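Visitor: need a 3D model of the following:
(one chain, ligands or ions: 2)
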Amino acid sequence: MGSTISEGKFKKVVRDFILFILRNLDYGIFIALFMVKVYIFAKYTGLVFVKPTMIMVSIGSALLLSFWILLLPRTYKLIFLMVLNVFITIVVISDVIYFRYFYDIITVPVLFQAGQASDLWDSIFNLFRIGDLLIFVDLLITIPLGIYIVYKVRNSKVRSKFTPRLVLSALAFVIGYIAFTTPVNHYVTQYGKNLFINNWSNVSVYNVVGLLGFHAHDSYKYLQDNVLNKKVITAAQEEFVEKWFQKHQELQKQKTDYFGVAKDKNVFIFQAEAFQNFVIGKSVNGQEITPNLNDLMKESMYFENFHHQVAQGRTSDAEFLSNVSLYPVSTGSVYIRFAGNEFNSLPMVLKNHDYTSIAFHSYEPSFWNRYAMYKNIGIDEFVSKEDFTPGEVVGWTLGDEGLLSQAIDKLVKVDGNFYAFVVGLSSHHPFTIAEKYKTLKLGSYEGTDFGNYLQSLHYVDYAIGQTIKKLKQEGLWNETVFVIYGDHDSGTLKSTEGMTELLGINEGELSYAQITREVPLFIHLPDNQGAGVYSQVGGQIDLTPTLMHFLGIEVNGEYFMGENLLNEKNRLTVFRDLSFTDGEVYYDSSLDGIFENGVCYDVNRNNKIDVKQCEKKYEQAMQQLEISDNVIFGNLIKK
Ligand code: GP9
Ligand code: MN
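Guide: Ligands and ions are numbered 1, 2, ... in the order given. Below you'll find the predicted structure:
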C-alpha cells in the first residue's frame, strides 16, 4: 500500500516536472532563437562568434535581458517573449544592414543623427540580401503560434504556482550574471577598463561583450553624456564664449606678409602616426633617421616647437584639433562622443571656396567613428581600407608609401582645387614592419621597441620622400600647400630608455616633458616661400587658422580656438592635462590636478622655478579648455 502511495507521489512529481519544463519550453525556444540570431549577425558581418567567451556573454546577456519574464503567468510570459523576440529581430536585422554599409554597429547617436540615418534608410532596400530573411523567418511561426496559444489558455483554470516561477527566474538571473560577467571580468583584469571608458571602436567593445552587451553599454554611455552627466551651459557662459571668440577672431584677422601667399592652391596634409620630433635631424650610428624630412627642411617651413595636444582620443583627437581647431575632450574621443554636434572646420571653410575634400586612411572606416565624423565636418569623400588597391602591407595595413601614392593618383583627377587629408598608420605600435624596410643599422637598439620605432619612422620618412617626388612629377608640388605633422607620441612605447639615452636626457627634466609632447610640423609653400626654421611655440589646434592665413581666407565667425602660427606674440600652447607653454615658461601639471603640485620651468634657462610664476598663464590655459568644453558639451556652434 505504502509503496503505491510513494509511487503515485513520484509519478506526480515527475509529471509536474515535465509539465513545468513544457510550460517553459517557450523560454528555451526564445533563448535558442536569440543565439541563432546573434550567430547570424556574426556570420554575415564576419565578426567573432565561435569562441567560448562570445557564446558565454551572448547567453548571459539574453538571460539578463529576459529572466524577469519567467516570473509572469503563462499568457503574459508568452506575450512578453514574443515582444522581446521581435525587438531582438529588429536590432539584429538593423545591425546587419548597417554593418554592410558602414562596417560598424548602430549606436544611439546614429539613431538620432537624422542626416546620416536617412541616407542609410534610403539605401536599405539595396542592402537587403535574401539571406537576411533567415533573421526573421521564425516570426512567421512564433507569432501566429504564440497568439493561438495565448488565445487557447487565456481562460484556463490551471494556474501555475509562483514559487517555481520565482526559483526558475532567479536561476536564470544567476546563470546569466555568471555567464556574462566571467569573460568580461577576465578581459578587464588582463587588459584594463580602458576599452569601456574610451571605446575607440564599437567592434572592439562588441568583441568582448557581444551584441546585446554592446547595445546596453552604448545606451548607458549615451544616457550618461546626455542625461545623467549632461553639462548645463548657462546663458552667462554662452555669452562669455561668444564674446571670447569675437575678440579672438580680431586677433585671427591680423595679417602678416604671408597672408594669401598660397591663394587658390591645393592643400595636402599628411598626418603621420606616432611621429615625434626628436628624430628630425638626428642620426643613429652615423645614419640619418629622417633623411627626406631633413632635406625638406631646406625648402619648407619647419616648426621646431610644435606640439601634439591629444587626449584619450589619440589619432582622432589629432585630426579633430587640426581640422576643427578645438580641444579634444578629457575622456573618450570627440569623434565618438560628439559626432552629432555641429562644428566649424577647415574642409567646410574650403568648401565655401569650391575645394573638394577627400580623406584617405587605409583602415576600417568605423575606427574612431571616422565615417560619421568626416561627413559631419564636411569631408566630401572618405577613401578607406576597402577602397584601396591591395598593395604592400607595412605594419597594420597598406603601407604609407602605397597610401600616399594612391591618394595622389586620385587627386590628380580632381576637377578644381582639392583638400587632401591623409592619415598614415605604418608607424603604429608595435612598430613591426617587414625586414626589408628595416634599413637602419641600430647596434644596441636592434630588435628593441625603441629600435623598431626608429625603423618605422625611417620607413615613413622614405614614403614621404617618394610622395614629394611624385607630387613634383605630377606638377602638383608648387600648386599645393604640403603639410606634414605627427599625430601624437609613441605613447605605447614601453621603454623610453633608448630615447633618453640617444638624446642624453633624463626623465623629470624639462626636455623630457618637451620631447614627449613635440611632434614635427613641416609646411611647404609653393616656390619654397618662407623656407626656414621657426621657433615660436604652437600646437595642432593652430593648423586650421595658419593654413587659412596662407590661403588668404579670413575667419568669418567660425569658432576656431587656434592662432596663426606666424603671429609670434602672446603665444600659448595648452595641453589637455592642463600643462602648457608660452615659450617662456613651461608648466608640467601633476596627476592629482592640484596646481601647486605641478612643475614650472623657465624655458630659456632650462631650470625649475617657483610654481607661482606659472600661475597667471595657468588661469588662461584653464579658461581655454573650459571654453572649448562649453562649445562641445553645449553644442554651442549649432546654437
Ligand atoms: C587606426 C589608427 C590608430 O585607424 O588611427 O589610432 P591610434 O591607436 O593611434 O589612436
Ligand atoms: Mn595615432
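
Visitor: need the residues of the stretch 251-400 of the chain near ligand 2, please.
Guide: 273, 315 (C-beta under 5 Å from the ion). (Glycine included, C-beta is placed from N, CA and C.)

Visitor: for ligand 2, what's its nearest residue on the stretch 251-400 of the chain.
Guide: When you check the stretch 251-400 of the chain against ligand 2 by C-beta to the ion, the closest residue turns out to be Thr315, at 3.3 Å.

Visitor: that residue: which element?
Guide: helix 314-324 (DSSP states H and E).

Visitor: say whether ligand 1 is contacted by the helix or strand following that helix.
Guide: Next in sequence after helix 314-324, counting helices and strands by DSSP H and E, comes helix 334-337. No. Using C-beta under 6 Å from any ligand atom, helix 334-337 stays clear of ligand 1, coming no nearer than 10.2 Å.

Visitor: can you give me the mean pLDDT across helix 334-337?
Guide: The pLDDT scores in helix 334-337 average 90.

Visitor: using CSV, write down the CA coordinates of it.
Guide: Output of helix 334-337 as CSV, limited to C-alpha atoms (Å, rounded to 0.1, in the frame of the first residue of the first chain):
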residue,chain,number,x,y,z
VAL,A,334,35.0,63.8,-29.6
TYR,A,335,34.8,61.7,-32.8
ILE,A,336,32.7,59.2,-30.9
ARG,A,337,31.0,61.1,-28.2
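
Visitor: my read is that the residue of the stretch 251-400 of the chain closest to ligand 2 contacts Gly424, right?
Guide: No. With contact defined as C-beta atoms under 8 Å, Thr315 does not reach Gly424; the gap is 9.7 Å.

Visitor: what touches both of those two?
Guide: 271, 273 (C-beta atoms under 8 Å, 6 or more residues apart in numbering).

Visitor: neighbour count: the two, which is higher?
Guide: The neighbour count for Thr315 versus Gly424, taken as other C-beta atoms under 10 Å, is higher for Gly424 (29 against 25).

Visitor: isn't the more buried one up against Val460?
Guide: Yes. Taking C-beta under 8 Å as the definition, Gly424 is a contact partner of Val460 at 6.3 Å.

Visitor: quick one: common contacting residues for the two?
Guide: Contacts common to Gly424 and Val460, judged by C-beta under 8 Å, 6+ apart, are 272-273, 400.

Visitor: quick one on the thing from earlier: tell me the contacts of the closest residue to the residue of the stretch 251-400 of the chain closest to ligand 2 other than its chain neighbours?
Guide: Distance criterion C-beta to C-beta, 6 or more residues apart in numbering; nearest residue to Thr315, sequence neighbours excluded, is Asp487 at 5.0 Å. Neighbouring residues of Asp487 by C-beta under 8 Å, 6+ apart: 271-275, 308, 310, 314-315, 318-319, 423, 519.

Visitor: in CSV: those residues, plus pLDDT and distance to ligand 1.
Guide: Formatted as CSV, the contacts of Asp487 follow (pLDDT from 0 to 100; distance: C-beta to the nearest ligand atom, whole Å):
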residue, pLDDT, distance to ligand 1
Gln271, 98, 9
Ala272, 98, 11
Glu273, 97, 6
Ala274, 95, 7
Phe275, 97, 11
His308, 98, 11
Val310, 94, 8
Arg314, 90, 3
Thr315, 95, 4
Ala318, 98, 8
Glu319, 98, 8
Val423, 98, 6
Val519, 97, 13
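
Visitor: what about the residue in the stretch 351-500 of the chain positioned nearest to ligand 2, distance to ligand 1?
Guide: Per C-beta to the ion, the residue of the stretch 351-500 of the chain with the smallest distance to ligand 2 is Asp487, at 4.4 Å. From Asp487 across to ligand 1, the span is 6 Å (C-beta to the nearest ligand atom, to the nearest Å).

Visitor: just the closest residue of the stretch 51-200 of the chain to ligand 2, please.
Guide: For the stretch 51-200 of the chain, C-beta to the ion, closest residue to ligand 2: Trp200, 10.3 Å.

Visitor: that residue is in contact with Arg370, isn't it?
Guide: No. Counting by C-beta under 8 Å, Trp200 does not reach Arg370; the two are 11.1 Å apart.

Visitor: give me the more crowded residue out of the two.
Guide: Just comparing Trp200 and Arg370: by other C-beta under 10 Å the higher neighbour count belongs to Arg370, 25 against 21.

Visitor: which SSE is immediately downstream of the helix or strand that one falls within?
Guide: Using DSSP H and E, Arg370 falls within helix 370-376. Heading C-terminal from helix 370-376, the first helix or strand you meet, by DSSP H and E, is strand 381-384.

Visitor: against which helices or strands is that next one packed?
Guide: Counting contacts by 3 or more C-beta pairs under 8 Å, 6 or more residues apart in numbering; DSSP states H and E, strand 381-384 is packed against strand 356-361, helix 370-376, helix 400-411.

Visitor: if we can go back for a sec, what residues are shared contacts of Trp200 and Arg370?
Guide: With C-beta under 8 Å, 6+ apart as the test, Trp200 and Arg370 both reach Ser316.

Visitor: and the pLDDT at the residue nearest to the spatial centre of the chain?
Guide: Nearest residue to the geometric centre of the chain (C-alpha atoms, centre = their mean): Trp368, 2.4 Å. Predicted confidence (pLDDT) for Trp368: 91.

Visitor: where does it sit: helix, strand or coil?
Guide: Recorded secondary structure, Trp368: helix (DSSP: H, G, I helix; E, B strand; the rest coil).

Visitor: and for Thr544, the neighbour number?
Guide: For Thr544, using other C-beta under 10 Å, the count is 28.
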